[in-house]
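Enquirer: sequence plus the predicted model coming up.
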Amino acid sequence: MSRPSTPSTDLTPATEPLLVADRVVVEYPTKGFRRPPARVLHGVSLDVRAGETVGLVGESGSGKTTLGRAVLGLAPVTDGQIRFQGRVISGLAKRERRALSKDVQVVFQDPYTSLNPAMTVEDILTEPLLVTGSSRTDARRRVRALLDEVHLPADAGQRLPREFSGGQRQRIAIARALTREPQLIVCDEPVSALDLSTQEHVLDLFVEIQQQTGVAYLFISHDLSVVRHISHRVAVMYRGELVETGDAATVTTMPSHPYTQRLLLAAPVPHPRRQAERRAERHRVLAEQAALAG
Ligand SMILES: Nc1ncnc2c1ncn2[C@@H]1O[C@H](COP(=O)(O)OP(=O)(O)OP(=O)(O)O)[C@@H](O)[C@H]1O
């Protein structure tokens, strides 16, 4: 499946996109006397509009996760700035950053380690609501709605994360990210720990949620075909710089930068017709399973 073109937004031309990374530099301190810091991002500029998915692709070590972490306030931005809804959010103090977590959330790669194994799913999902003052009754009601939104059964709330498959755990992680109705979710390789068919289901869920809620995604992946599946626009990182940005279909089939061309040769994206065939096949298998289950 390829995404429709970039969604139109309510923004007037004078208004900024939801998220703007403006010539962002990230440097990590290095050990050793007078050694200069390690520069990992070299002035990266990127924006994400409300309701949009921007896929961030590139080989291992190119700086994708670092950019995501910078957006989340977890990597040191030493020059340039990051703005969210027009407000500078790089360099915020801890308390202001915590307040921002209502609007900016994250889903990590590994659903096996990102959920507290000792807490029930209901506790995992109610915790962010209770700490921000929701009543227990309201929090429980929200959990039921969230479980439904991510297609988990209502009794999932009483179980522990280890009782779920990898794909189901990632659904729980997505539900947790959605608890406070964020505007933006940074998704850091959220399907790369899953097998191929589970990947497709979880990617479909991301799309469905976006259609229902209007949430935007900064979607990090090393896999061009995953990024094509989910993104409106794609940005390509190479050695800490963005080398190409454009609409998903163009960047993933007719890239202009030699590095993206190499990425594409290394991992060809299935033709859209082949993707549609795979989807039809999956629906047929699911229908058969449902019929067998009575
Ligand atoms: N805390 C840190 N201190 C020093 N260097 C770091 C730190 N975190 C990341 N780096 C370096 O920053 C560079 C970019 O790493 P990053 O994890 O952002 O890449 P990536 O494109 O997300 O790769 P991958 O897909 O393997 O996660 C790498 O060279 C990495 O070693």
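Expert: Looks like it came in fine.
Enquirer: residues of the stretch 51-200 of the chain that sit close to the ligand?
Expert: Within the stretch 51-200 of the chain, the positions lying close to the ligand (CB under 6 Å from any ligand atom) are Gly58, Ser60, Gly61, Ser62, Gly63, Lys64, Thr65, Thr66. Using the backbone N, CA and C atoms, a C-beta is placed for each residue, glycine as well.
Enquirer: ok, 8 Å please
Expert: Counting by CB under 8 Å from any ligand atom, the positions of the stretch 51-200 of the chain adjacent to the ligand are 58-69, 75, 188-189.
Enquirer: what's the local residue count around the closest residue to Arg233 other than its chain neighbours?
Expert: Of all residues not flanking Arg233 in the chain, Val54 sits nearest, at 5.1 Å (CB to CB, 6 or more residues apart in numbering). Neighbour count for Val54, taken as other CB atoms under 10 Å: 25.
Enquirer: separation between Val54 and Ala145?
Expert: 27 Å (CB to CB, to the nearest Å).
Enquirer: please apply the same query to Glu200.
Expert: Taking CB to CB, one finds Glu200 at 24 Å from Ala145.
Enquirer: show me which of those two is the more surrounded one.
Expert: Counting neighbours by other CB under 10 Å for Glu200 and for Ala145 shows that Glu200 has the greater number, 20 against 11.
Enquirer: what strand or helix carries that one?
Expert: Using DSSP states H and E, Glu200 maps to helix 196-213.
Enquirer: returning to that earlier point: what's the first helix or strand after the helix or strand hosting the residue nearest to Arg233?
Expert: Using DSSP H and E, Val54 sits within strand 53-57. As assigned by DSSP H and E, the chain's next helix or strand after strand 53-57 is helix 64-71.
Enquirer: contacts only, for the closest residue to the ligand within the stretch 151-294 of the chain.
Expert: The stretch 151-294 of the chain approaches the ligand most closely through His222 (5.0 Å), counting by CB to the nearest ligand atom. Residues in contact with His222 (CB atoms under 8 Å, 6 or more residues apart in numbering) are Val57, Gly58, Glu59, Ser60, Lys64, Glu189, Ser192.
Enquirer: compare the residues you listed and tell me which is most surrounded.
Expert: Greatest neighbour count in those, by other CB under 10 Å, goes to Val57: 27 neighbours.
Enquirer: ends of stretch 31-51, what's the gap?
Expert: Start-to-end span of stretch 31-51 (CA to CA, to the nearest Å) is 41 Å.
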